[in-house]
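**Q** sequence? don't have it. structure:
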């Protein structure tokens, strides 16, 4: 399986900015909070200290996660060719009802279904990758198998 993290240039920039803020500002804030909590005395019954430790743990996990994403990042440069790929916008028609939908295929970090952005790892995304205009696809949905026809790729 491909271990790459597909991102738009804008999303990669956002992640790098968040990572920098976490490493510089947030780490300092948490360290100060830990020092303050230690100064309050008995650590065995110090809820301030426990909360600061939990915050530090969460912060370090988030930093590791974002560092991993940036290491595996591949910037999506847009769609090229006549096959669906990451970065493609695809118009599909549900064969049973004739209902049309338009999706943009993105990496998991950019999914926003309400704005038509679906993951290349989603059932529909996986079914669409590599297909051409006019082809039919099958994808497993929450209520069973769905059948679509690709109307357009851009």
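**A** Thanks, I have it. Keep in mind that what you see is a predicted model, and the values were worked out from it rather than measured. Numbering: from 1, shown residues only.

**Q** Locate the nearest residue to residue 110 once chain neighbours are set aside within the secondary structure: which element?
**A** Excluding the flanking residues, the one nearest residue 110 by C-beta to C-beta, 6 or more residues apart in numbering is residue 11, at 5.3 Å. (C-beta placed from N, C-alpha, C; glycine too.) Here residue 11 is covered by helix 9-21, with elements defined by DSSP states H and E.

**Q** list the helices and strands that helix packs on?
**A** Judged by 3 or more C-beta pairs under 8 Å, 6 or more residues apart in numbering; DSSP states H and E, helix 9-21 is in contact with helix 47-72, strand 73-75.

**Q** model confidence over the last one, on average?
**A** What strand 73-75 shows for mean pLDDT is 93.

**Q** Next SSE downstream of that strand?
**A** According to DSSP H and E, the helix or strand after strand 73-75 is strand 89-94.

**Q** Any stretches of this structure with poor pLDDT?
**A** Judged by pLDDT under 70, the chain has its weakly predicted residues at 1, 43, 79.

**Q** Just say helix, strand or coil for the spatially most central residue of the chain.
**A** Note on the chain: the residue nearest the mean C-alpha position is residue 109, at 1.1 Å, using C-alpha atoms, centre = their mean. Of the three states, residue 109 takes helix under DSSP: H, G, I helix; E, B strand; the rest coil.

**Q** State the distance from it to residue 26.
**A** According to C-beta to C-beta, to the nearest Å, residue 109 stands 20 Å off from residue 26.

**Q** What of residue 40?
**A** Per C-beta to C-beta, residue 40 is found 21 Å from residue 26.

**Q** of the two, who's got more company?
**A** residue 26 (16 against 12; other C-beta atoms under 10 Å).

**Q** mind checking the SS state of the more buried one?
**A** helix.

**Q** Surely residue 9 touches residue 75?
**A** Yes: Residue 9 is in contact with residue 75 according to C-beta atoms under 8 Å; the separation is 5.3 Å.

**Q** what's the closest non-adjacent residue to residue 76?
**A** Among residues not flanking residue 76 along the chain, residue 87 sits closest, at 4.1 Å (C-beta to C-beta, 6+ apart).

**Q** surely that neighbour meets residue 107?
**A** No: in this structure, residue 87 is not within contact of residue 107 by C-beta under 8 Å, at 9.4 Å.

**Q** which of these two has more neighbours?
**A** The neighbour comparison of residue 87 against residue 107 (other C-beta under 10 Å) goes to residue 107, with 24 against 18.
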